[in-house]
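**Student:** coords below, sequence missing:
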């Protein structure tokens, strides 16, 4: 995970927390929370794309996402099962 900005990890964690809140919700509540999750997830993906586009970053967007997700899950576990 060397070189991965903490901000990317923070954004991924925020998206995962919002995703975990979907569990057990019904219809309208689910759709409302799904929108909150999508906004957080989109923010993560946008930040990853911007980071991957930098000249000093040699990793692909996909590799960056994988590294961030692996680091997040190792550190925090999956919020949906906690």
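**Tutor:** Structure received. Bear in mind the structure is a predicted one, so any value in this text is a computation, not a measurement. Numbering: from 1, shown residues only.

**Student:** and residue 71, backbone torsions?
**Tutor:** phi -60, psi -40 (degrees, to the nearest 10).

**Student:** Retrieve the pLDDT associated with it.
**Tutor:** At residue 71 the predicted local confidence, pLDDT, stands at 87.

**Student:** Relative to residue 63, how far out is it?
**Tutor:** 12 Å (CB to CB, to the nearest Å). C-beta coordinates here come from the backbone N, C-alpha and C atoms, glycine included.

**Student:** Neighbour count: those two, which is higher?
**Tutor:** Neighbours were counted for residue 71 and for residue 63 using other CB atoms under 10 Å; residue 71 has more, 16 against 12.

**Student:** Next up, the contacts around the one residue sitting closest to the centre of the chain.
**Tutor:** In the chain, the centroid-proximal residue (CA atoms, centre = their mean) is residue 12; its distance is 2.4 Å. By CB atoms under 8 Å, 6 or more residues apart in numbering, the contact set of residue 12 is 44, 68-69, 72.

**Student:** Among the residues you listed, which one sits closest to residue 59?
**Tutor:** In terms of CB to CB, no member of those lies closer to residue 59 than residue 68, at 10.4 Å.

**Student:** Flag every buried residue along the helix or strand containing that closest one.
**Tutor:** In this assignment (DSSP states H and E), residue 68 forms part of helix 61-76. When neighbours are counted by 16 or more other CB atoms under 10 Å, the buried residues of helix 61-76 are found to be 64-65, 67-69, 71-72.

**Student:** Since that was my last question, I'll sign off now.
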